[in-house]
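Asks: Requesting a structural model of the entry that follows:
(chains A and B)
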Amino acid sequence: MSRLYIGRNPRVAARSIDGEMMIMSGRDSTLFTLNKTATILWQAADGATPLDQIVDQKICTEFEVSSADALKDAETLARELASHEILEISEQPIAARRSSGESR
Amino acid sequence: MSSLMAEMTERALARNIPLSVQLDLTYRCNERCVHCYLDHDDHGEMTTAEIKHLLAEMADAGVFFLTLSGGEIFLRKDFFEILEYARLDLNFSVKLKTNAIMIHEREAARLRDIGVESIQISIYSHRPEVHDAITLVPGSLRRSLDAARFLKSQGLRVTLANVLMHQNLGDYQGVRALAQELGIESTLDPTITPMMDGDRSILSMGVGLDTLRGLFRQEELVGDVDEFCAIAPLDEDALSARPCSAGHSACYVSPYGDVFPCVQFPLPTGNVRKQRFVDIWRHSDQMNEVRSIRLKDLTSCSSCVHGTSCTRCPGLAYMEGNMRGPSSQDCEKSFARTGVPSANMLAKKRAPANLVQIRVLPAAVNAPASA
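Replies: Residues are numbered from 1 along each chain as shown, chains lettered A, B, ... in the order given. Below you'll find the predicted structure:
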């Protein structure tokens, strides 16, 4: 099975407001808030780290869940975020972007 | 406002987060609009490094919505460097305010690549002889509209912003039609802002009551006319409400690093060259004073029938002499909207006219002269 890579779409605006990640779509200016899992994915989406590694290192350590279940859910969530053009998904590493906004 | 936006604003207010900032990158301009409130000389603009440092501080403070304005922003040679840093490194949602006459196909494509939220272009008339007579730059309407088309063709959101004054009184429908033809939005604002140094002479360009009355009864401008012109009840909730976002969830930074509650509220609260942005936002006495004011604290407006529905601008009130006082321009708008004079207008009517001062003379003076 091929690995998935996720990267932040550079066209969105993002800010952590009081611990909750706010995202504005670059496509139509729709505003989203990310839940805790989605925020973890957003912050870890550097285009270089495979999704399964993100799940193992960032999600399984945070929630009591098996690696396989967590990966399945994370893939579904990543695809949903990609459908809103918040994340980009690829089976290849995604070229490094300038955005360093994960901490803000 | 969407519910999520309202929720985000409430959270920002509760946590004292400056959600929105307007940053003027320069006061220099390549137009000389007759109604402009700015001094266009450069008195020491922030450098590229200073602006980048400020932007990073603002992102850390929680600023999400950033408006870059001026002056004319494209006059800064480092404009795209600043914009790319704000968008791609710091993830702000960025709006631009510009006259757009320096935007061509290449600049429009670059703005699309960087991903700005919207671009607001100042357009005062659909007729070159009127628009160019306001900007004092021949050919400026054609250049601004060419830019609007370039931007639109890149899929960017463009708004034509029109300020209504005597000079372009009959042309606002022409501007609206032009916007519709281009497939973009337009706004109309009848407010002329006093000069930043306090000079109020340009206010004479503003339209009068009769014109406002007519505007406020046009459905295409205000929506439901009856609702727009209604007087809302003044209750306890309204009296405890914040007057506007200035100093509460929004502020303004000048090209020289001065921080104010709003671009239209020139109360100095600190300078980012001397203090951290977040320290000014949180701890400035002036910012906290603005933040403390509620409708019930306002000298005249707290008992005014228009208290709830008035567009009172605390900055215009400040420029009139008292940030807790009324803003006469907004009193006039409320009067034009409803036909009911504001408390401030009634008080002025009751006050003795300055030119006729009748005083009772002392008795000794009144007594007939003795022989």
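
Asks: C-alpha only now, for contacts and for neighbours.
Replies: OK.

Asks: right, and A:Leu51 touches A:Tyr5 too?
Replies: Yes - the pair formed by A:Leu51 and A:Tyr5 meets the contact definition of CA atoms under 8 Å, at 5.6 Å.

Asks: Do stretch A:41-52 and chain B come into contact?
Replies: No - for a cut-off given as CA under 8 Å from any CA of the partner chain, stretch A:41-52 has no contacts with chain B; the smallest distance is 12.6 Å.

Asks: average pLDDT across that stretch?
Replies: Averaged across stretch A:41-52, pLDDT comes to 93.

Asks: Over to stretch B:61-73?
Replies: Rounded mean pLDDT across stretch B:61-73 is 97.

Asks: cool, stretch B:16-34 as well?
Replies: For stretch B:16-34, mean pLDDT is 97.

Asks: What residues sit buried inside that stretch?
Replies: Applying a neighbour-count criterion of 16 or more other CA atoms under 10 Å in any protein chain shown, the buried positions in stretch B:16-34 are B:16-33.

Asks: and those, which of them are in strands?
Replies: When the buried residues of stretch B:16-34 are checked against strands (DSSP state E), the matches are B:20-24.

Asks: Confirm that B:Gln120 sits in a strand.
Replies: Yes - secondary structure of B:Gln120 (DSSP: H, G, I helix; E, B strand; the rest coil): part of a strand.

Asks: Settle this for me: it is touching B:Val158, isn't it.
Replies: Yes - distance between B:Gln120 and B:Val158: 5.8 Å, which falls inside the contact criterion (CA under 8 Å).

Asks: does stretch B:71-87 come close to chain A?
Replies: Yes - for stretch B:71-87, a contact with chain A is found by CA under 8 Å from any CA, at B:Arg87.

Asks: and B:Lys97, what helix or strand is that in?
Replies: Assigned by DSSP states H and E, B:Lys97 belongs to strand B:93-98.

Asks: do A:Asp69 as well
Replies: Here A:Asp69 sits within helix A:67-83, counting by DSSP H and E.

Asks: buried residues in that helix?
Replies: Judged by neighbour count (16+ other CA under 10 Å), helix A:67-83 contains these buried residues: A:67, A:70-71, A:74-75, A:78-79, A:81-82.

Asks: would TSV of those residues with distance to chain B be doable?
Replies: TSV is the format used below for those (distance: CA to the nearest CA, whole Å):
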residue	distance to chain B
A:Ser67	31
A:Ala70	28
A:Leu71	27
A:Ala74	24
A:Glu75	24
A:Ala78	20
A:Arg79	22
A:Leu81	17
A:Ala82	17
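
Asks: which residues sit in contact with B:His126?
Replies: B:141, B:171, B:174-175, B:178 (CA atoms under 8 Å, 6 or more residues apart in numbering or on different chains).

Asks: Buried among these? Need that as a selection in ChimeraX.
Replies: ChimeraX command restricting those to the buried ones, with burial defined by 16+ other CA under 10 Å:
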select /B:141,171,175,178
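
Asks: quick check, nearest of the contacts of B:His126 to chain A?
Replies: Taking CA to the nearest CA as the measure, chain A sits nearest to B:Leu178 out of those, at 23.1 Å.

Asks: Per-residue pLDDT of the nearest residue to the closest one once chain neighbours are set aside, please?
Replies: What sits nearest to B:Leu178 in space, not counting adjacent residues and going by CA to CA, 6 or more residues apart in numbering or on different chains, is B:His126, at 6.7 Å. At B:His126 the predicted local distance difference test score is 98.

Asks: Quick check: B:His126 is in a strand.
Replies: No - following the definition three-state DSSP, B:His126 is coil and is not counted among the residues of a strand.

Asks: how near is it to chain A?
Replies: The spacing between B:His126 and chain A, counted by CA to the nearest CA, to the nearest Å, is 28 Å.

Asks: One more: B:Pro233?
Replies: On the measure of CA to the nearest CA, B:Pro233 and chain A end up 32 Å apart.

Asks: just B:Arg350 next, same as before
Replies: The value you get for B:Arg350 to chain A, if CA to the nearest CA is used, is 50 Å.

Asks: Run a quick neighbour tally on that residue.
Replies: Using other CA atoms under 10 Å in any protein chain shown, B:Arg350 has 9 neighbouring residues.

Asks: Repeat that for B:His166.
Replies: When counting by other CA under 10 Å, one arrives at 12 neighbours for B:His166.

Asks: That one and B:Leu203 touch, don't they?
Replies: No - the pair B:His166 and B:Leu203 fails to qualify as a contact (CA under 8 Å) at a distance of 10.6 Å.

Asks: re the thing from before, where's the residue nearest to B:Leu178 relative to A:Glu91, distance?
Replies: 51 Å (CA to CA, to the nearest Å).

Asks: Report the beta-bridge partners for B:Gln22.
Replies: Partner residues in beta bridges with B:Gln22: B:Thr67, B:Tyr252, with DSSP bridges as the criterion.

Asks: For it, which residues are in contact?
Replies: Shown here is B:Gln22, whose contacts under the criterion CA under 8 Å, 6+ apart are B:66-69, B:251-253, B:262-263.

Asks: And the residue nearest to the spatial centre of chain B, what's its pLDDT?
Replies: With the centre of chain B defined as its mean C-alpha position, the nearest residue by CA atoms, centre = their mean is B:Gln264, 5.2 Å away. Reported pLDDT at B:Gln264 in the predicted model: 93.

Asks: And for B:Arg359?
Replies: pLDDT recorded at B:Arg359 is 52.

Asks: Then B:Val207?
Replies: Reported pLDDT for B:Val207: 93.

Asks: tally of neighbours for the residue nearest to it when sequence neighbours are not counted?
Replies: Using CA to CA, 6+ apart and skipping the chain neighbours, the partner closest in space to B:Val207 is B:Met165 (5.3 Å). By the criterion of other CA under 10 Å, B:Met165 has 23 neighbours.

Asks: Contacts only, for B:Met165.
Replies: Applying CA under 8 Å, 6+ apart to B:Met165 gives the contacts B:190, B:192, B:205-207.

Asks: What's the separation between it and chain A?
Replies: If you go by CA to the nearest CA, the gap between B:Met165 and chain A works out to 32 Å.

Asks: got it, and B:Arg324?
Replies: 31 Å.

Asks: Wait, that residue touches B:Pro314, no?
Replies: Yes - here B:Arg324 reaches B:Pro314: they are 7.3 Å apart, a contact under CA under 8 Å.

Asks: neighbour count winner among the two?
Replies: Neighbours per residue (other CA under 10 Å) separate B:Arg324 from B:Pro314, with B:Pro314 holding more: 25 against 21.

Asks: Quick check: closest non-adjacent residue to that one.
Replies: Sequence neighbours aside, B:Met323 is the residue nearest to B:Pro314 in space, at 5.5 Å (criterion: CA to CA, 6+ apart).

Asks: all strands for the stretch 101-250 of chain B, in order.
Replies: B:118-122, B:158-163, B:185-189, B:250-253 (DSSP state E, counting those that start in this stretch).

Asks: could those strands be laid out in JSON lines, adding mean pLDDT, mean neighbour count and distance to B:Leu4?
Replies: Conversion of the strands of the stretch 101-250 of chain B to JSON lines gives the following (pLDDT from 0 to 100; neighbours: other CA atoms under 10 Å in any protein chain shown; distance: least, CA to CA, whole Å):
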{"stretch": "strand B:118-122", "mean pLDDT": "97", "mean neighbour count": "22", "distance to B:Leu4": "20"}
{"stretch": "strand B:158-163", "mean pLDDT": "97", "mean neighbour count": "22", "distance to B:Leu4": "24"}
{"stretch": "strand B:185-189", "mean pLDDT": "95", "mean neighbour count": "16", "distance to B:Leu4": "23"}
{"stretch": "strand B:250-253", "mean pLDDT": "98", "mean neighbour count": "23", "distance to B:Leu4": "18"}
